[in-house]
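Visitor: Okay, sequence plus prediction incoming.
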Amino acid sequence: MPKTSFLQVCKQRLEGLLWSLWSELGVPGWERRHQSWWIDPEALLLFTATVDPIDPRLREEAMVWCLQHRRFLSEARLKSLLGEPRFGESARYQPQLGRFLATVSMARSHGLGESHQPYPVRLRQRSGPGGLNRVAQLSLRIRTLLGVTAKAEVVRVFLDRSDETLTAADLVNEGVGYTKRATRDALEDLRMGGFAELEVSGNRKGYRFLGRRSFSELLAPEPVHFPKWRQLFAVLRGSLNLIEEIDRFRPSTRPVEIRRSFTALASQIRGAGLQPPALDAGSDAFEEFKAWVGELLESLASGSTDWTSRSR
């Protein structure tokens with residue numbers, strides 16, 4: 001399959017994935033294939049903003065949703081995600097990110113959006129009761145109770161990893177999106193309230209969540225899959241970049257560039273719970289790369305959970 005056709009196939013599958021994810025969050029859509037998936041709203045927002053070209057209706061519906069739910073979105077998490085070099089790549093995507101953030105009134109995030117013209121968006125009234133009871137809306141549901149705070153993100157991670165003892169550094173690495181100090185303060189608040197206990201081993205101060213059952217019954221009574229969205233979107237972004245640039249490489253150097261790109265993505269691939277392609281020396285690296293990316297996008301777009309690293 002020529003590179004151009006492969007890129008088109010990937011973009012089609014990617015748009016199918018994004019439509020389903022945004023539909024789960026509440027955007028008007030026809031297909032819902034991720035009913036049991038937790039969705040990271042800030043990560044989805046930023047990744048959607050970098051996909052260009054994209055279905056204009058999808059982009060507008062996503063921005064309208066962001067405006068309607070603005071009070072539940074976290075500026076701190078946006079800044080944290082944009083600060084990760086493999087996720088945001090803000091310099092490369094500054095025009096798209098800036099316009100999107102300016103449109104949804106989040107222009108202060110990482111200095112983006114202040115000098116960009118917003119997209120034209122037609123606001124409309126939300127239909128129906130507008131509840132936040134879906135699995136995908138778990139982050140927003142927790143924030144209605146605990147506010148848009150580090151504490152809300154800590155509780156969300158503990159719903160996934162309640163059988164583990166985690167430090168503030170562990171939670172920062174997990175993607176709570178707040179500083180280590182804010183995360184440590186949130187853990188201490190939970191300990192003081194009797195929702196977590198402190199376990200000290202040497203210099204390691206770990207916390208174990210005690211309220212999983214009651215919190216799960218209240219916030220997440222249904223089974224929840226917790227994909228690693230930060231890492232997944234970083235892998236998808238890096239793969240799309242490679243597809244878009246691959247014709248610039250000479251045939252003799254193309255396998256080297258593909259292997260180099262996947263070496264740079266190695267930690268994100270592992271963090272997402274994926275097995276990287278072999279890309280052995282002497283193999284057809286481009287065909288392996290196409291097969292791996294194509295299967296990943298097809299699996300994600302279909303809502304399959306066979307590959308996911310963790311579920312509750």
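Guide: Arrived safely, thanks for sending.

Visitor: quick one: low-confidence parts of the stretch 101-250 of the chain?
Guide: Residues of the stretch 101-250 of the chain meeting the criterion pLDDT under 70: 107-115, 125-130.

Visitor: where do the strands sit along it?
Guide: 165-166, 196-201, 204-209 (DSSP state E, counting those that start in this stretch).

Visitor: Sheet-wise, list the partners of the shortest one with their directions.
Guide: Spelled out, it's strand 165-166. The strands beside strand 165-166 in its sheet (DSSP bridges) come out as strand 204-209 (antiparallel).

Visitor: For burial, what's the neighbour tally of the residue nearest to E164 when sequence neighbours are not counted?
Guide: Among residues not flanking E164 along the chain, R208 sits closest, at 7.6 Å (C-beta to C-beta, 6 or more residues apart in numbering). Bear in mind the C-beta positions are built from the backbone N, C-alpha and C, glycine included. A count of nearby residues for R208, using other C-beta atoms under 10 Å, gives 16.

Visitor: What of S162?
Guide: 18.

Visitor: thinking again about what came up before, closest one to A278 among the strands of the stretch 101-250 of the chain?
Guide: Nearest of the strands of the stretch 101-250 of the chain to A278, taken as C-beta to C-beta: strand 165-166 at 33.3 Å.

Visitor: Residues contacting the closest one, please?
Guide: The contact list for strand 165-166 (C-beta atoms under 8 Å, 6 or more residues apart in numbering) reads V157, F158, E174, E199, G206, Y207, R208.

Visitor: Check the offset of it from the chain's centre.
Guide: 22 Å (C-alpha atoms, centre = their mean, to the nearest Å).

Visitor: Repeat that for stretch 61-80.
Guide: The chain centre lies 13 Å from the centre of stretch 61-80; the measure is C-alpha atoms, centre = their mean.

Visitor: who touches it?
Guide: Under C-beta under 8 Å, 6+ apart, the answer for stretch 61-80 is 18, 22, 25-29, 41-42, 45-46, 48, 100-101, 103-106, 108-110, 119, 121-124, 126, 140, 143-144, 148, 150, 153, 175-178, 182.

Visitor: how about that stretch: buried residues?
Guide: Neighbour counts using 16 or more other C-beta atoms under 10 Å place 61-66, 68-69, 72-74, 76-80 of stretch 61-80 among the buried residues.

Visitor: Report the rounded mean pLDDT for it.
Guide: In this model, stretch 61-80 has an average pLDDT of 92.

Visitor: Same question for the lengthiest helix in the chain: list its buried residues.
Guide: In the chain, taking DSSP state H as the definition, the longest helix is helix 3-25. By neighbour count on 16+ other C-beta under 10 Å, the buried set for helix 3-25 is 6-7, 9-11, 13-25.

Visitor: What is the subsequent helix or strand relative to that helix?
Guide: Using DSSP states H and E, the helix or strand that follows helix 3-25 in sequence is helix 41-50.

Visitor: and that following helix, what other elements does it pack with?
Guide: If you count contacts as 3 or more C-beta pairs under 8 Å, 6 or more residues apart in numbering; DSSP states H and E, helix 41-50 packs onto helix 3-25, helix 56-68, helix 75-82, helix 94-103, helix 229-245.
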